[in-house]
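**Student:** need a 3D model of the sequence below.
(one chain, ligands or ions: 2)
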Amino acid sequence: MIVAMKENATEEQIQNVISRMVDIGFNVHRTTGTQQTVLAGVGSPASFDVQDFQLMSGVAEAHRITFPYKLAGRGFRPEGTVIRFSNGVEVGGKEIVVMAGPCSVESREQIFTSAKQVKASGAKFLRGGAYKPRSSPYSFQGMGIEGLKLLREVGDAMGLLIISEVMEISQIELMLPYVDCFQVGARNMQNFNLLRELGLARRPVLLKRGIAATIEEVLLSAEYILSGGNYDVMLCERGIRTYETYTRNTMDISAIPVLKHLSHLPVLGDPSHGTGRRDLVPALARASVAAGCDGLLMEVHPNPDKAVSDGAQSLFPEQFATLMEELRLVATAVKRSIS
Ligand code: PEP
Ligand code: MN
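**Tutor:** Ligands and ions are numbered 1, 2, ... in the order given. Sure, this is the predicted structure:
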């Protein structure tokens, strides 16, 4: 059930509604927006009459929710979620935020050069995997903690936020000092134990769409994180597996406006994994912005031909610089901006 309080509802009225919801067996999540307070009742009490809530003082509306994701649904925060990061960067506002960098952290020189290049073109986050989910156990598995230390060092030196992938529960605590945002990869989108633990962490999470996940499944995975009390979740379309083989994945651009419609969470596009080919990345990046994304995650490498992972889909730094100029024009056309 969702209960939207009136704009002028008093704290006492809000507490009365919360007590009644708790009494009948709901777990209540409260969100206070600029205009009103919304209470989401999660759980399934045996029976209750929604009208009892509609008539309580201070209540504007009360609805039974039939879709299974209550906290991730747009109704929980109709105005949309804006995630605020330490250096003033916001994801979910008017500004489209670009996260860029190599697929993997490979060496000090590689990550420092990458950081300099993406920063110069306007990226706000440096991406780079220290723990890599590789399809083959014989491929490079990442630099681990040494990679995380390098990311933090270069992020602090260059004023870039850091995003890196977390693959298992034991890495959460370990990564906290080094990352501004956790990335949950496509292969872990339904690692529910990991998602639950991230719900208890107080650090934003970017959740990638699973390789064969439906939109409802993405939102239910987000629900796992939100239900732990961590509301700072971003969703990311990174392409799905279809019968098409020309591209590495099929980038589902329509998922961007659909997720924006169904959910209040910021939505990002990842055209690198979405296509697997650097010649296609600019077109799909522009399309993502035109489709209403709140940010982009893209792979850029100082020397893609020598990259240890995902070189074919990594942009050359000059290509990235040109693309950022184009993206600024597209953003303006859809009343957004990229600084
Ligand atoms: C990545 O971002 O490098 C990555 C492994 O992405 P995905 O989980 O989308 O495959
Ligand atoms: Mn990659």
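**Student:** next, count neighbours for Thr113.
**Tutor:** Close neighbours of Thr113, defined as other C-beta atoms under 10 Å, add up to 17. Just so you know, the C-beta spots here come from the backbone N, C-alpha and C atoms, and that holds for glycine as well.
**Student:** the nearest residue to it once chain neighbours are set aside: what's it in contact with?
**Tutor:** Taking C-beta to C-beta, 6 or more residues apart in numbering, and ignoring the residues beside it in sequence, Thr113 has Pro302 as its nearest neighbour in space, at 4.4 Å. Counting by C-beta atoms under 8 Å, 6 or more residues apart in numbering, Pro302 touches 102, 110, 113-114, 117, 317.
**Student:** need these in TSV with secondary structure, can you?
**Tutor:** Below are those laid out as TSV (DSSP: H, G, I helix; E, B strand; the rest coil):
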residue	secondary structure
Pro102	coil
Gln110	helix
Thr113	helix
Ser114	helix
Gln117	helix
Pro317	helix
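**Student:** and these, which is closest to ligand 2?
**Tutor:** When the contacts of Pro302 are compared for distance to ligand 2 (C-beta to the ion), Pro102 wins out at 8.3 Å.
**Student:** which residues touch the closest residue to that closest one other than its chain neighbours?
**Tutor:** Leaving out its chain neighbours, the residue that sits closest to Pro102 by C-beta to C-beta, 6+ apart is His301, at 4.7 Å. Contacts for His301 (C-beta under 8 Å, 6+ apart) come out as 102-103, 110, 114, 307, 311, 314-316.
**Student:** C-alpha coordinates for stretch 138-157, CSV please?
**Tutor:** Below are the C-alpha coordinates for stretch 138-157, written out as CSV (Å, rounded to 0.1, in the frame of the first residue of the first chain):
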residue,chain,number,x,y,z
TYR,A,138,41.6,-18.1,-17.5
SER,A,139,41.0,-14.4,-18.4
PHE,A,140,42.5,-11.6,-16.4
GLN,A,141,40.5,-11.4,-13.1
GLY,A,142,41.4,-7.9,-12.0
MET,A,143,44.1,-6.2,-9.7
GLY,A,144,42.0,-6.5,-6.6
ILE,A,145,42.8,-4.3,-3.6
GLU,A,146,45.8,-2.8,-5.4
GLY,A,147,43.5,-1.6,-8.2
LEU,A,148,41.1,-0.1,-5.6
LYS,A,149,44.0,1.8,-4.0
LEU,A,150,45.1,3.2,-7.3
LEU,A,151,41.5,4.3,-8.1
ARG,A,152,41.1,6.2,-4.8
GLU,A,153,44.5,7.8,-5.2
VAL,A,154,43.8,9.1,-8.7
GLY,A,155,40.2,10.0,-7.9
ASP,A,156,41.4,12.2,-5.0
ALA,A,157,44.2,13.7,-7.0
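**Student:** okay, buried residues for it please.
**Tutor:** 141-143, 147-155 (16 or more other C-beta atoms under 10 Å).
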